[in-house]
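J.: sequence plus the predicted model coming up.
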Protein chains: 2
Amino acid sequence: MTTTMTENSAVKLARLIREEIPLTDCMQVQGGSFERDCLSLHAPLHPNRNDKGCAFGGSMVSLMTLCGWGLVVIKLQDQEQLCDVYVQSSTVDYRRPAWSDFHAEAVLVEEESWGRFFTMLAARGKARATLAVDLRTEDGIVATMSARYVALRRLRS
Amino acid sequence: MTTTMTENSAVKLARLIREEIPLTDCMQVQGGSFERDCLSLHAPLHPNRNDKGCAFGGSMVSLMTLCGWGLVVIKLQDQEQLCDVYVQSSTVDYRRPAWSDFHAEAVLVEEESWGRFFTMLAARGKARATLAVDLRTEDGIVATMSARYVALRRLRS
């Protein structure tokens, strides 16, 4: 049951993303899973190919950026916190070309905790999270990203 | 006359990119100009919007990544060098949301020179370039990127 519920969080997120962010629909982003505070999102190679037939760098970094953003969004939804989430900065290391379908996996970096994130949000209406995102194909890791996101409490009108 | 020629380099590149990289066609990437070793590429907000109505972070970083890549490609074409160009790493600072159409401007960082780049390419069949890319709307800079690209000489069969 837990597996089904957590898979649904990722699938539901991907559906909402594709409805609201047209580029992610072009990318054919698909929900993977959300388990133990790790979110995964998938993308097929074909709509994301470049002139060489491997994955376009822009698609790779977009899926990673989106996956980190999605993890913060799901964590906030779990706590029923109404926030807007923005990416603030990111560093990407492209290790090798992706010649097949790829997926991103996002987790909070070890130095931070979700408990502290929500404490900050409660105190200041604003909190930051640094996420580590790996991009993988069936052959292993093709790129890694470290990115910082900020959540801002939405003012109710 | 020079202006017309240099504008054509950017417009021609954007047309080729959109033919070969489907995501850039979804983004409706348009050529800006190529003058004094600075390439600019444009993107309209509408196909690149996010759930909040401003530019999707993935679109912003994709246009910047593409603009840096395009500058290296144009410089190589000018010297009739047949190479594949890959992005190796990038660091992005998202300063504020982009609420209107946006464009990227890429230049080589001050510490490097194209002369040295082509000397390395001639000697080793491989050369690296670090580019500074600004992303702007009509209101000014919204994001900045520093990215490293590698050009590998294509082996003729």
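T.: Structure's in. What do you need? Since the model is a prediction, treat every value here as computed from it, not as a measurement.
J.: pLDDT weak spots in chain A?
T.: Low-confidence segments of chain A, defined by pLDDT under 70: A:1-7, A:156-157.
J.: redo that, cut-off 90
T.: Applying pLDDT under 90 to chain A picks out residues A:1-8, A:51-52, A:154-157.
J.: interface residues of it facing chain B?
T.: Taking CB under 8 Å from any CB of the partner chain as the contact definition, chain A meets chain B at A:16-17, A:20-24, A:26-27, A:47-52, A:56-59, A:61-63, A:65-66, A:69, A:84, A:86-94, A:97. In this view, the C-beta of every residue, glycine as well, is placed from N, C-alpha and C.
J.: biggest helix in chain A by residues?
T.: In chain A, assigned by DSSP state H, the helix with the most residues is helix A:57-78.
J.: helices or strands up against the following helix or strand past that one?
T.: Note on helix A:57-78: by DSSP states H and E, the next helix or strand toward the C-terminus is strand A:83-94. Packing partners of strand A:83-94 (3 or more CB pairs under 8 Å, 6 or more residues apart in numbering or on different chains; DSSP states H and E): helix A:57-78, strand A:140-153, helix B:57-78, strand B:83-94.
J.: what comes up buried for strand A:83-94?
T.: Along strand A:83-94, these residues count as buried under the neighbour rule (16 or more other CB atoms under 10 Å in any protein chain shown): A:Cys83, A:Val85, A:Tyr86, A:Val87, A:Gln88, A:Ser89, A:Ser90, A:Val92, A:Tyr94.
J.: what's the angle from that strand to strand B:140-153?
T.: Angle between the axes of strand A:83-94 and strand B:140-153 is 20 degrees (criterion: axes from the mean of the first three to the mean of the last three CA atoms, to 10 degrees).
J.: residue contacts, the nearest residue to A:Pro44 once chain neighbours are set aside?
T.: Leaving aside its sequence neighbours, A:Pro44 sits nearest to A:Asp101 (CB to CB, 6 or more residues apart in numbering or on different chains; 4.9 Å). Neighbouring residues of A:Asp101 by CB atoms under 8 Å, 6 or more residues apart in numbering or on different chains: A:His42, A:Ala43, A:Pro44, A:Leu45, A:Thr137, A:Glu138.
J.: can you pick the most crowded of those residues?
T.: Among these, A:Ala43 has the most neighbours (other CB atoms under 10 Å in any protein chain shown), with 26 neighbours.
J.: contacting residues for the most centrally placed residue in chain A?
T.: By CA atoms, centre = their mean, chain A has its centre lying nearest to A:Cys67, at 1.0 Å. Counting by CB under 8 Å, 6+ apart, A:Cys67 makes contact with A:Leu39, A:Ser40, A:Leu41, A:Ala104, A:Glu105, A:Ala106, A:Val133.
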